[in-house]
Structures are given as C-alpha cells and as structure tokens.
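*Asks:* Quick one, structure for this:
(2 chains)
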Amino acid sequence: MNLSLIIDVIPRLMDGLVLTIGLTLAAVVIGGTLAIPMALMRTSSSAIVYLPAQIYTFVFRGTPLLVQLFLIYYGASQIGWVRFGFLWPILRDPLWCAVIAFSLNHAAYTAEILRGGIRAIPAGEIEAGKALGMSYTLRLRRLVLPTGIRLALPAYANEVIMMLKASSLASTITIMEVTGNARKIVAQTFSPYEVFISAALIYLAITLLTTQFFRLVEGRISRSDRRPRSGPRITFARGRTGMKLAVQEGGK
Amino acid sequence: MIELQGFAGQLVAGASTTLGLATTSLVFGVAVGLCGAIAKQSDVAMIRAAAILYTTVIRGIPELLIILILYFGGTVALTALAGRYAEINAFTSGVFALSLVFGAYATEVFRAAIRAVPHGQIEAARALGLPSVLIWRFVILPQMWRHALPGLGNLWLTLLKDTALVSVVGLEDLMRKTGIAAGATHDPLTFYCAAAAIYLAFTSASIIGLAQLEHRASRGARFAM
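*Replies:* Residues are numbered from 1 along each chain as shown, chains lettered A, B, ... in the order given. Just a heads-up that it's a prediction; the model follows:
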C-alpha cells in the first residue's frame, strides 16, 4: 500500500465532489418537495387518496435504485412520446436521469419517514387546533408540518446520508462524481486500494459533516420541546406571528 | 411476454444467484452483527473502540465503493499472495462486502435489542451463578431476538436490493442478466421492468414472511396495549 498515493489522489477525486454534493442536494430538494404532499396523501383516510401514494412508495422502496436508474436512463428512450417530446433533451442527459431517479427514490423514502412523524403527533394537538377553529391548511402549516417534520428529523437525517451514499450509483451511468472519478483513476493507475480508500475517506468526511449538521439542526429545532423543570406554567412566547399562548405541563 | 424473447430462463438463473448472494450475506452478516454488538458491550476499551470504528467507517462509505474496494483490492491482494495474476470471484467479494455492510447496521440493531432485555433477567442469572457465556446463550440471546426482528427485517430488505450493486463488478445476478438481455434485444424498457417486478416480488414475499416471523417471535409476550 502506497500512503503518498492516497494523499496525492485526493485533489483529483475532489473534482467529483461538486457533482456528488450537487446530485445529493438536488435529490433532497426535489424529492423532499414531492414527499410532503405524498406523506399527507398517505395519512388520508380515503382510499382514492392514500392508495396511489401507497403504491408509489411500495414500488420505489421495493426495487433497487440501480434498476430505477437504468430504467430511466436506458428505458425511457424507447417510449415514443418521450423520444420526440420536449422531455427528450432532459432524458438524453445522464445527469438529469440521475437527478430524476434519485429524486423519485428519495421522495418515496422521505414520504414514509414523514408519515411516521405525522402519525407520532399527539392527537390532542390537532384536536386543539380544531377546537380553536383553525382551518385545515392553517393546522397543516402551524401544527402538522412543523411537529411532523421535527419528529421525523432523526430518521430523515439517516435518509439524507443514505442518499449521499446512493449518489455513487451515478458512476454506473458515466457520471464522473467521486466514485466515477475513482474508477477512472483506478483504470489508469491500477492501484485500486489507494484510490478507493481516498474516495472512501472523502465520503466518510462528508457523511460525518452531514451527521454533525443534522445534530445541530435537531438541537436548535427541539429547543422549544424541552419541558420546564417543575410545575405547569404559562409562557408567552414572542414570535413573528405575535403573541402565542402556550400552556406547558410540568415534566421531570 | 412471459417468454421475454427467450431470456426468461436467464433471468430466472440470475434471480437465483441474487437470492443465493442475499441469503449467504445474511448468514455471515448476522454473525458479524452479533460479534459487533457483543464487542460494543465489552469491558475492554480497545474492543469497544474497534467496534465503534467498524460501524462508523462502514456506515459512512457508499456500499458500491465497499464492493469495488473488496473486488479490486481483493484481486490485488490475491495476486500478491499467489505470486501470479489471480482474480477474486465476484460472488465471494460480494458476500464479503454485503456481510460487512449488513454486520455494521446489524450491530446497532442487536445492541438496541440486547438493551431491551430487562436487566433483572441478567441479575437473576448472575445470582444463580451462571457464567457469562451461559448468560448470553440462555438469557440474553433468546430474549433479544424478538426485539431485533423488525430491525433485521428492514436490513434484509435493504440487503436484497443492495445485491444489485454487485452486478457492477460482473456477478451474473438478476441485474447483470437483465442488462445483457436488454443489450441483446435492444429492449431495455421491458427487461428492466421485468427485473423490477422480480425484485418487487422478492421484497413483497419477504415482507409477508417477516410479518409472520414477528408474530411467531412475539407469542407469549405481554403488551401494555
């Protein structure tokens, strides 16, 4: 094993880092946006509403991401209206195929996680909203989504890291992100140990940073969740929306 | 349609390789995970640190990269050992990689499950004078399975899907057979849909099986609600 090669190769692998992070961020943003309505559909009591979302999450969570990626990259060109439609410039580009596949996949997993968060909201909170005469959208905005997202955050952090790691699959459709770059350099130098270990170090660094980032966010976001030390008390929290009355029960 | 232009047999052969790879990795992965969980409970700081290092590193690296490292690295190591060019089998390196990954996640699952065993049980066993090997064998392990099962089930579903990655290093599994068929017939849409359907069938069957296993494992357990 050649230690200096491990270090020498890192700057060359870093060229792919932009793509790795870009792909992950794109999937997280697009997938996350898709996941919110899907999670709400999943929690509906009407079969017409929850069934499509349930089938979607079942299919995307039940098949390997690699199959989904290849299906979009190799398969989409076979469909006539895609080939001659406005989508073709997009689906011809492997980068877009990867973004689409990752986003759809991430959306399915995130929807399921968010549904778990929404279902964990104490029923009393929603009932209180109803009792106060809040409309559905207002309850959604003030109660369901903020609390649901907060409760789902630890699981979601894991999912983002999974997505970050899954972005390495883009190397199988010619995208030169960190893994793709590593494979190219291995083919040139034939020192797989050193190059792949450098790539592994880069991934390890980003996953650890991401974990830290989510730990910080969790700490910030759950500040208001901490129970007061003793006795029930009434606090007047000042926020952007003016005065809000919050009755908190005494915890431990 | 079912004929798949003569490639149906190939796909079935690939699917059986996929299942073989997944079950072999499951067996080794569970063993690795158990060792990891026991190591994390160890009194020796070095062993604990090694277990933590293992789970942190493996869980922070893409599965694909681990497969590539073990396949290409394994070939280099074998060549050095044998003194001539030797290539590691894709199946072996796949089992190795997937077991390592499964083991890292299973370590956490088992650790949580071990903690779920009431402490009084272990104290009772100590009070009866059981040596620690027997405490593991008769008290902790039988009782923790019930708690570990849901987590292990999820890991199995992930493992099943991760086997597709081993096709990248040339294992003739379902994914690679599908790729070959798609290339030969110029009909990737049909073949990748077929592959997706087969994977979906595997995961669906697993979900049903796991539900029954969980039901069986929790017989005799009392629930508050």
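*Asks:* The residue of chain B found nearest chain A: neighbouring residues, count only.
*Replies:* The minimum distance from chain B to chain A, using CB to the nearest CB, falls at residue B:72 (3.3 Å). To be clear about C-beta, it is placed using only N, CA and C from the backbone, and glycine gets the same treatment. Neighbour count for residue B:72, taken as other CB atoms under 10 Å in any protein chain shown: 23.
*Asks:* That one reaches residue A:185, doesn't it?
*Replies:* No: judged on CB atoms under 8 Å, residue B:72 makes no contact with residue A:185 at a distance of 11.7 Å.
*Asks:* Show the contacting residues for the residue of chain B closest to chain A.
*Replies:* By CB atoms under 8 Å, 6 or more residues apart in numbering or on different chains, the contact list for residue B:72 reads A:186, A:192, A:193, A:196, B:169.
*Asks:* 7 Å - rerun?
*Replies:* Applying CB atoms under 7 Å, 6 or more residues apart in numbering or on different chains to residue B:72 gives the contacts A:186, A:192, A:196.
*Asks:* For the stretch 1-150 of chain A, what lies in contact range of chain B?
*Replies:* A:59, A:62, A:63, A:64, A:66, A:67, A:70, A:71, A:74, A:75, A:78 (CB under 7 Å from any CB of the partner chain).
*Asks:* Also near chain B: which of the contacts of residue B:72, exactly?
*Replies:* Among those, chain B is touched by A:186, A:192, A:196 when using CB under 7 Å from any CB.
*Asks:* Next secondary structure after the one helix or strand the first one maps to?
*Replies:* I take that to be residue A:186. According to DSSP states H and E, residue A:186 maps onto helix A:178-189. Downstream of helix A:178-189, the first helix or strand assigned by DSSP H and E is helix A:192-221.
*Asks:* Which positions in that following helix come out as buried?
*Replies:* The neighbour-count check on helix A:192-221 (16 or more other CB atoms under 10 Å in any protein chain shown) flags A:192-204, A:206-207, A:210-211, A:214 as buried.
*Asks:* now stretch A:87-99
*Replies:* Residues A:91, A:94, A:95, A:96, A:97, A:98, A:99 are the ones in stretch A:87-99 that count as buried (16+ other CB under 10 Å).
*Asks:* Also stretch A:132-152?
*Replies:* Buried residues in stretch A:132-152 (16+ other CB under 10 Å): A:134, A:139-140, A:142-145, A:147-152.
*Asks:* Need these in a markdown table (columns: pLDDT).
*Replies:* Putting the buried residues of stretch A:132-152 into a markdown table (pLDDT from 0 to 100) gives the following:
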| residue | pLDDT |
| --- | --- |
| A:134 | 93 |
| A:139 | 93 |
| A:140 | 91 |
| A:142 | 91 |
| A:143 | 91 |
| A:144 | 92 |
| A:145 | 92 |
| A:147 | 90 |
| A:148 | 92 |
| A:149 | 91 |
| A:150 | 90 |
| A:151 | 91 |
| A:152 | 92 |
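*Asks:* Could you let me know which of these ends up closest to chain B?
*Replies:* Checking these one by one against chain B (CB to the nearest CB), the nearest turns out to be residue A:152, at 16.3 Å.
*Asks:* Next up, the contacts around that closest one.
*Replies:* A:113, A:114, A:116, A:117.
*Asks:* Spell out which helix or strand contains the nearest residue to the third one once chain neighbours are set aside, please.
*Replies:* Read it as residue A:116. Distances taken as CB to CB, 6 or more residues apart in numbering or on different chains put residue A:152 closest to residue A:116, at 6.2 Å, once the chain neighbours are dropped. Element membership of residue A:152, judged by DSSP H and E, is helix A:145-166.
*Asks:* Off-centre distance for that helix?
*Replies:* A distance of 6 Å separates the centroid of the chain from that of helix A:145-166, by CA atoms, centre = their mean, to the nearest Å.
*Asks:* likewise stretch B:55-67?
*Replies:* 13 Å.
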